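Peer 1: Here's a sequence, model it:
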Amino acid sequence: MPLEPLENPSSLSARAAGAAKGVPAALFLFASLLAFNVLQTLSLLLLPFSRAAFRAFNRFAANTWWGWCVIGARALNSARIVLTGDDLPMRENSIVIANHQQMPDITFLMHLARDRDRLGDLKWFVKHAIKYVPGVGWGMVFIDCLFVHRNWADDAASIGRTFTRIVSGRVPLWLMSFPEGTRIRPHKLQAAQAYAAERGLEPPRHVLIPRTKGFVASVQGLRGHARSVLDVTIGYETGVPTLWQYVQGFSRVAHLHVRRFPVDSLPESPEALTQWLLDRFREKDRLLEHFYAHGSFPASAGA
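Peer 2: Below you'll find the model as predicted:
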């Protein structure tokens, strides 16, 4: 079953100390993000003259602001990631898939991206409505994030156009995706287990059954540009934190088990890619079972 939500500290002084750090940090980050939105809007003036300069500025904006998020969490809260699995090369174009439990999944993945010099090159699959949200949503519009309606008929064409721009422009990237499509919750897991039982699949215990069309389109659209698929399994030790708990420093450690698959090693047909992704999530289920039993992921990538 999904890990229980993280409980706040019982001590009033600990909660007060967390708020004392979290409130100023949150206010600074939100205000600075709005300032970056203004600069990103002004960067549209560069487009008639140089798309490369436009992209370079917006990569700088993303790398700087997301960098402040990571550096601040490490400095104020000693936040860190515990990595197991494969060694990852620096600055490699990759498709990144991960299980999704709560918003800090995103922030801990940012730690990994910064350590591999890909923080400013993150391109996220996100809900279409987010593009209208001041701050993060507006900023993502300028860095070629993929806004989806969760309806393949509506999304396929826009995703294809974005991939064409990325490949033709040789844009560096980590394409970030949570194939489950939503954060895991007990009732959603029960629905996934019922779906699996109806179709003769192995019922999941700690993950949902992934949606496969976006992943298949990503591999097919970025083959030759992305060098690898990074399969990241995220585990928390004592409970799944909210974003506010993370900002206050109540959750300082996430375990990330990473497997690297060269894109050239993946199958080519949509059916085979679909099965490949389903196999990865069955493996995630086993990895999380091990994590909850032992408090850590296996040291070796394929264990």
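Peer 1: Show me where this structure has its helices.
Peer 2: Per DSSP state H, the chain has helices spanning 12-42, 51-77, 104-115, 136-141, 152-168, 186-198, 213-222, 243-248, 270-294. These are given in chain order.
Peer 1: could you dump the third one to PDB, C-alpha only?
Peer 2: It stands for helix 104-115. C-alpha atoms of helix 104-115 as PDB (Å, rounded to 0.1, in the frame of the first residue of the first chain):
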ATOM      1  CA  PRO A 104       8.500  16.800  -3.100                       C
ATOM      2  CA  ASP A 105       9.100  14.100  -5.700                       C
ATOM      3  CA  ILE A 106       9.600  17.000  -8.100                       C
ATOM      4  CA  THR A 107      12.000  18.900  -5.800                       C
ATOM      5  CA  PHE A 108      14.100  15.800  -5.000                       C
ATOM      6  CA  LEU A 109      14.400  15.100  -8.800                       C
ATOM      7  CA  MET A 110      15.600  18.600  -9.100                       C
ATOM      8  CA  HIS A 111      18.500  17.700  -6.800                       C
ATOM      9  CA  LEU A 112      19.400  14.900  -9.100                       C
ATOM     10  CA  ALA A 113      19.200  17.100 -12.200                       C
ATOM     11  CA  ARG A 114      21.400  19.800 -10.700                       C
ATOM     12  CA  ASP A 115      24.000  17.200  -9.800                       C
END
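Peer 1: Identify all contacting residues around that helix.
Peer 2: Contacts of helix 104-115 from elsewhere in the structure, counted by C-beta atoms under 8 Å, 6 or more residues apart in numbering, are 66-67, 69-70, 73-74, 79-81, 83, 96, 98-99, 119, 121-122, 174, 176, 178, 232, 234, 241-243, 245-246, 251, 254, 256, 258. For glycine as for every other residue, the C-beta is placed from the backbone atoms N, C-alpha and C.
Peer 1: related to what we said a few turns ago, out of the helices of the chain, point me to the one whose mean pLDDT is lowest.
Peer 2: Lowest mean pLDDT within the helices of the chain: helix 152-168, a mean of 91.
Peer 1: and the angle from it to helix 213-222?
Peer 2: Here helix 152-168 runs at an angle of 30 degrees relative to helix 213-222 (axes from the mean of the first three to the mean of the last three C-alpha atoms, to 10 degrees).
Peer 1: tell me which residues of helix 152-168 are tucked away?
Peer 2: Using 16 or more other C-beta atoms under 10 Å as the test for burial, helix 152-168 gives 155, 159, 162-163, 166-167.
Peer 1: got it, and stretch 254-271?
Peer 2: Neighbour-count burial for stretch 254-271 [16+ other C-beta under 10 Å]: 254-261, 263, 266.
Peer 1: Please apply the same query to stretch 269-281.
Peer 2: So, applying 16+ other C-beta under 10 Å, buried residues of stretch 269-281: 273-274, 276-278, 280-281.
Peer 1: likewise stretch 172-186?
Peer 2: By neighbour count with 16+ other C-beta under 10 Å, stretch 172-186 contains the buried residues 172-181, 183-184.
Peer 1: Tell me if I'm right that residue 2 and residue 184 touch.
Peer 2: Yes - counting by C-beta atoms under 8 Å, residue 2 touches residue 184, with 4.8 Å between them.
Peer 1: got any residues that touch both of those two?
Peer 2: Residues touching both residue 2 and residue 184 (C-beta under 8 Å, 6+ apart) are 101, 206.
Peer 1: OK, contacts around residue 32?
Peer 2: 65, 68.
Peer 1: residue contacts, residue 252?
Peer 2: With C-beta under 8 Å, 6+ apart, residue 252 has these contacts: 77-80.
Peer 1: need the contact list for the nearest residue to it once chain neighbours are set aside.
Peer 2: In space, and not counting its chain neighbours, residue 252 is closest to residue 79: 5.0 Å by C-beta to C-beta, 6 or more residues apart in numbering. If you count contacts by C-beta under 8 Å, 6+ apart, residue 79 has them with 73, 107-108, 111, 246, 249, 251-253.
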